[in-house]
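Enquirer: Would you be able to build a 3D model of this:
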Amino acid sequence: MERLFLSLMFFLNCLSVPEALAATDGVGTGGEAGVESKSGSGNMKSDPEKKQAGESEEADRDVVIKAMRDELNRSMKELKLPKKPAPYFINYRASDEYKYSYACNNGSPIYNWEDKQRTVWADVRVGDYKFDDTADVNGDHSSNFTWRETCLDDNYPVIRRALWSATDEAYKSATEVFDNLVSYRQQHSIPNLCESFSKEPPVTVVKPIGAPVVVPEEWKEKIRKLSLLVNKPEGVRESWVSLQVLETTRRIVNSEGTTVRDHWISIKLGMVAFARCPDGEELWDSDSISVVDFDKLPSMEDLEARATNLSERIVKHAAAPIKDYYLGPVLLEAQPTAEFTIRNVAPLLCAVKGDNLHPQGTFLRSLNSKVMPSFITISDNPEMSEFKGVPTSGSYTVDSEGVVCQKVTMIERGFLKDFLSTRSPVLPGKHSNGHDFVGAAPSTIIVDAEKAISEKQLRDKMLSIAKEHGLPEYLVIRRIRPSTPLFLQGSTSSARDSSLEGEEPIEAIMVSTTTGAERRVRGLKFKQLYKPSLQDIICAGSDVEPITTTLWNGYLRTVICPSLLLSKIELEADNTPTDTPYPVPKPKDTD
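Expert: The predicted structure follows:
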């Protein structure tokens, strides 16, 4: 029963993460700013000036933003305890959320829930940009965000009081922490200490609030039918299909003069299937889709095909024989390449707070050095909302710290050029490039490969290397299960804990070097992949695809990438004890 509950919560949490903490899927795709000035004679304003003026006027009419501005101005002028420093920076966020969740198991609804809430957040900092209460002096990352739930209607006095209460708690906590940090710094020499917070230019981005989302009633029946389809094969032990809808209006106001209001809708459909192998090993796989409008969801025919493919895939993998060990060349098709990128490459390209104190195992010391083959370029583009007509997950305009998104090229022709960064610098003098999602994280990652080759050329190259190594078979990985939420994976929401180590591919194919015959195997799990593994990439395919997967903090993200051929990867079965097989099969619907 506990496992069944966790498997359900997989989708309820993976697909409905606390997005008030960060701008996420679909932000910035909802249209232009709320008010446009009309052209006319006389003093003509440029289009950017008219857009800025229109957004400022729209912000002035927003009751929540007015409450945030008024309480922020009062706090910056009057908030100060005796013999304690006054705040040098205050940031307010307000999030209005409508959440809808519907899930079915084998044709029966097991979850039907909706909720509306408004939450306000206060970040109060004391000290200065160079050294404040969040300074990372010993690896203890501090945050003084406090939050309060408040009214759903635009009741100005009630919202002001919620902000006042959160501000009071955050300020008192900040002064206490700051005193301790000052004392620690006076007694210790701290090498590589960076500025606590980067000062960024103020921005005004005010987008219109669209019509409330309406969940079409027919989608309940579609989810029910899909859940029957996923559960149909006899080898599927349990399965779930879930529809999650999140409509968010987010507001940010800070003491630097930034005002942000954006509105987005996130619609996510997820499927998961469990199977137990003949030897008792428990396996599972999932599929998920994220769009901003119901009209953009795949057709029912396509969804049924994906549901069937999911259940058949996990059943075939569960029936495959165990392979104990493999060391040699590996061909990662596009989906496994996306997982390799998001879990083993992207974390090294994020400037994570604390890396400056503990740079071991990071790329921090490798800036402007060659870290990948010269034919590889990796960039991050928060403005990309689709690729070849396929919607991407992760487009946004402003990140959770109120910094405008920027396209960043992290690796250029193999050389490390930049990091995805927040307002917490890990290198002296560095500024944010708008990539804060509960810490530094990517949006849409693009892996470009020069001189890409065809699938046949990849296979020929793979065969040549395998024969050179004297291998009777070589390994092709066609699918790696997407990253799981924290309670299933057992990791923390940190880029430094994201890795393929210990992960078992769901589609692992051994190919004979003499006959070309293919056979499925299971049990192989990735051994530790070191930074030098990135140099083991020999070539890339021309099959570039957009792959949606799950980031280490639970957010869905898209990786646009080709297949990759690596010269050497080590995988091994762990041979850990498993549950015993079922003595009788699961009941049939006709029993």
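Enquirer: what about the longest helix anywhere in the chain, average pLDDT?
Expert: Of all the segments of type helix in the chain, defined by DSSP state H, the longest one is helix 156-187. The average pLDDT for helix 156-187 rounds to 96.
Enquirer: could you point out which element follows it?
Expert: As assigned by DSSP states H and E, the chain's next helix or strand after helix 156-187 is strand 204-206.
Enquirer: list the helices and strands whichever helix or strand comes after that next one packs on?
Expert: The helix or strand immediately downstream of strand 204-206 is helix 218-230, counting by DSSP H and E. If you count contacts as 3 or more CB pairs under 8 Å, 6 or more residues apart in numbering; DSSP states H and E, helix 218-230 packs onto strand 87-105, strand 108-126, strand 236-254, strand 259-276, helix 300-319. C-betas here are computed from N, CA, C, even on glycine.
Enquirer: In JSON lines: the ones you listed, plus mean neighbour count and distance to Ser454.
Expert: What follows is those, written out as JSON lines (neighbours: other CB atoms under 10 Å; distance: least, CB to CB, whole Å):
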{"stretch": "strand 87-105", "mean neighbour count": "21", "distance to Ser454": "42"}
{"stretch": "strand 108-126", "mean neighbour count": "17", "distance to Ser454": "45"}
{"stretch": "strand 236-254", "mean neighbour count": "24", "distance to Ser454": "36"}
{"stretch": "strand 259-276", "mean neighbour count": "23", "distance to Ser454": "32"}
{"stretch": "helix 300-319", "mean neighbour count": "18", "distance to Ser454": "25"}
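Enquirer: Mean pLDDT and distance to Arg185 added to these, as TSV?
Expert: As requested, those are exported to TSV (pLDDT from 0 to 100; distance: least, CB to CB, whole Å):
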stretch	mean pLDDT	distance to Arg185
strand 87-105	97	17
strand 108-126	96	14
strand 236-254	95	26
strand 259-276	93	33
helix 300-319	97	54
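Enquirer: if we can go back for a sec, quick one, the longest helix of the chain and strand 108-126 angle?
Expert: Here the directions of helix 156-187 and strand 108-126 differ by 60 degrees (axes from the mean of the first three to the mean of the last three CA atoms, to 10 degrees).
Enquirer: Helix 156-187 to strand 236-254, inter-axis angle?
Expert: Using the same axes, to 10 degrees: helix 156-187 against strand 236-254 is 90 degrees.
Enquirer: quick check, distance from helix 156-187 to the centre of its chain.
Expert: For helix 156-187, the separation from the chain centroid amounts to 29 Å (computed by CA atoms, centre = their mean, to the nearest Å).
Enquirer: before we move on, what about stretch 422-436?
Expert: The chain centroid and the centroid of stretch 422-436 are separated by 19 Å, computed with CA atoms, centre = their mean.
Enquirer: out of the helices and strands packed on helix 218-230, nearest to Asn138?
Expert: Taking CB to CB, strand 108-126 is the member of those nearest to Asn138, at 18.7 Å.
Enquirer: which helices and strands does the closest one pack with?
Expert: So strand 108-126, by 3+ CB pairs under 8 Å, 6+ apart, packs with helix 2-14, strand 87-105, strand 146-150, helix 156-187, helix 218-230.
Enquirer: a helix runs through Asp460, doesn't it?
Expert: Yes: judged by DSSP: H, G, I helix; E, B strand; the rest coil, Asp460 forms part of a helix.
Enquirer: How many residues are close by it?
Expert: Residues near Asp460, counting by other CB atoms under 10 Å, number 12.
Enquirer: dump the residue contacts of it.
Expert: If you count contacts by CB atoms under 8 Å, 6 or more residues apart in numbering, Asp460 has none.
Enquirer: From Thr515, how far off is it?
Expert: Look at Asp460 and Thr515: by CB to CB, to the nearest Å, they are 15 Å apart.
Enquirer: and if you look at Val124?
Expert: Counting by CB to CB, the gap from Val124 to Thr515 is 68 Å.
Enquirer: Packing partners of the longest helix of the chain?
Expert: helix 63-78, strand 87-105, strand 108-126, strand 146-150.
Enquirer: Any chance of JSON lines for those, columns distance to Arg557?
Expert: JSON lines is the format used below for those (distance: least, CB to CB, whole Å):
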{"stretch": "helix 63-78", "distance to Arg557": "29"}
{"stretch": "strand 87-105", "distance to Arg557": "20"}
{"stretch": "strand 108-126", "distance to Arg557": "23"}
{"stretch": "strand 146-150", "distance to Arg557": "25"}
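Enquirer: Tell me which of these lies nearest to His469.
Expert: strand 87-105 (46.4 Å).
Enquirer: CA atoms only for the closest one, dumped as PDB, please.
Expert: The C-alpha trace of strand 87-105 is given here as PDB (Å, rounded to 0.1, in the frame of the first residue of the first chain):
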ATOM      1  CA  PRO A  87      17.600  46.000   5.600                       C
ATOM      2  CA  TYR A  88      19.600  46.900   2.500                       C
ATOM      3  CA  PHE A  89      17.400  44.800   0.200                       C
ATOM      4  CA  ILE A  90      13.800  43.500   0.300                       C
ATOM      5  CA  ASN A  91      12.100  41.300  -2.200                       C
ATOM      6  CA  TYR A  92       8.400  40.400  -2.200                       C
ATOM      7  CA  ARG A  93       6.700  37.700  -4.200                       C
ATOM      8  CA  ALA A  94       3.100  36.900  -4.500                       C
ATOM      9  CA  SER A  95       1.700  33.800  -6.200                       C
ATOM     10  CA  ASP A  96      -2.000  33.200  -7.100                       C
ATOM     11  CA  GLU A  97      -2.400  29.500  -7.900                       C
ATOM     12  CA  TYR A  98      -5.300  27.400  -9.200                       C
ATOM     13  CA  LYS A  99      -4.400  23.600  -9.000                       C
ATOM     14  CA  TYR A 100      -6.400  20.800 -10.500                       C
ATOM     15  CA  SER A 101      -5.500  17.100 -10.200                       C
ATOM     16  CA  TYR A 102      -7.200  14.100 -11.500                       C
ATOM     17  CA  ALA A 103      -5.800  10.500 -11.600                       C
ATOM     18  CA  CYS A 104      -7.100   7.100 -12.500                       C
ATOM     19  CA  ASN A 105      -6.000   3.500 -11.800                       C
END
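Enquirer: Run the chain-centre distance for that strand.
Expert: The answer for strand 87-105 is 16 Å, by CA atoms, centre = their mean.
Enquirer: Return the distance of Ile190 relative to Ala135.
Expert: 9 Å.
Enquirer: and if you look at Thr548?
Expert: The spacing between Thr548 and Ala135, counted by CB to CB, is 37 Å.
Enquirer: And for Arg161?
Expert: Here Arg161 is placed at a distance of 31 Å from Ala135 (CB to CB).
Enquirer: out of those two, which sits in the more crowded spot?
Expert: Neighbour count, other CB under 10 Å: between Arg161 and Ala135, Ala135 has more, with 25 against 16.
Enquirer: Apart from its chain neighbours, what residue comes closest to that one?
Expert: Counting by CB to CB, 6 or more residues apart in numbering, Ala135 lies nearest to Ser196, which is 4.7 Å off, once chain neighbours are set aside.
Enquirer: Report how many residues lie close to that neighbour.
Expert: The local packing of Ser196 (other CB under 10 Å) involves 24 other residues.
Enquirer: Report the residue ranges of every domain in the chain.
Expert: The chain breaks down into these domains under automatic domain parsing: 2-34+49-216+244-264, 325-572.
Enquirer: before we move on, the earlier item: export the helices and strands packed on helix 218-230 to JSON lines and tack on distance to Ser374?
Expert: Shown next, in JSON lines, are the helices and strands packed on helix 218-230 (distance: least, CB to CB, whole Å):
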{"stretch": "strand 87-105", "distance to Ser374": "42"}
{"stretch": "strand 108-126", "distance to Ser374": "42"}
{"stretch": "strand 236-254", "distance to Ser374": "41"}
{"stretch": "strand 259-276", "distance to Ser374": "38"}
{"stretch": "helix 300-319", "distance to Ser374": "36"}
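Enquirer: Looking at those, which is nearest to Glu473?
Expert: With CB to CB, the closest approach to Glu473 among these belongs to helix 300-319: 17.6 Å.
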